[in-house]
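A.B. asks: Here you go, sequence then predicted model.
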Amino acid sequence: MSVPTPVDPPGLYRSPAFAQGMIVPEGPVLFVGGQNGVDAQGELLDGLQAQTEQALRNLLAVLAAAGSGPEHVAKLTIHLAPGIDPTAAYGATRTVWGDHRTAVTVLAVAPARPGALVEIDAVAAVPR
């Protein structure tokens, strides 16, 4: 089975949204580059929620093209523009991503693309 296994040590907070660590089973691993909230024409959507939802849809498209899916993701890194309240991004994540727990890192960084508020990358197992 190629589904990563959560690692939640006793004594650490157990979140319903993320795991403290993930064990990826043997097999191919997919590294998904940073996805912005851009549509198929490369146009950046307006607002944090719309950009986050689109970035996740883009991420899901890359996973699907590789024969994987959100249940196989071991790690998400979410880059938010400085000063952005992550609350709206979390809500958008649940809307598109669902209840797939994974290890998550959220960072405040200046975006490389002007107007981008969020960028999301991932590491996933690819089922055999």
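C.D. replies: It's in.
A.B. asks: Just the element for P82, please.
C.D. replies: Following DSSP states H and E, there is no helix or strand that holds P82.
A.B. asks: try A103
C.D. replies: Counting by DSSP H and E, A103 is found in strand 102-108.
A.B. asks: and that strand, what does it pack onto?
C.D. replies: With contacts taken as 3 or more C-beta pairs under 8 Å, 6 or more residues apart in numbering; DSSP states H and E, strand 102-108 sits against strand 18-19, strand 21-23, strand 73-80. C-beta coordinates here come from the backbone N, C-alpha and C atoms, glycine included.
A.B. asks: So which bits of it are buried?
C.D. replies: Neighbour counts over strand 102-108 (16 or more other C-beta atoms under 10 Å) mark T102, A103, V104 as buried.
A.B. asks: quick one on the thing from earlier: can you redo the helices and strands packed on strand 102-108 as CSV with distance to V123?
C.D. replies: Converted to CSV, those look like this (distance: least, C-beta to C-beta, whole Å):
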stretch, distance to V123
strand 18-19, 13
strand 21-23, 9
strand 73-80, 4
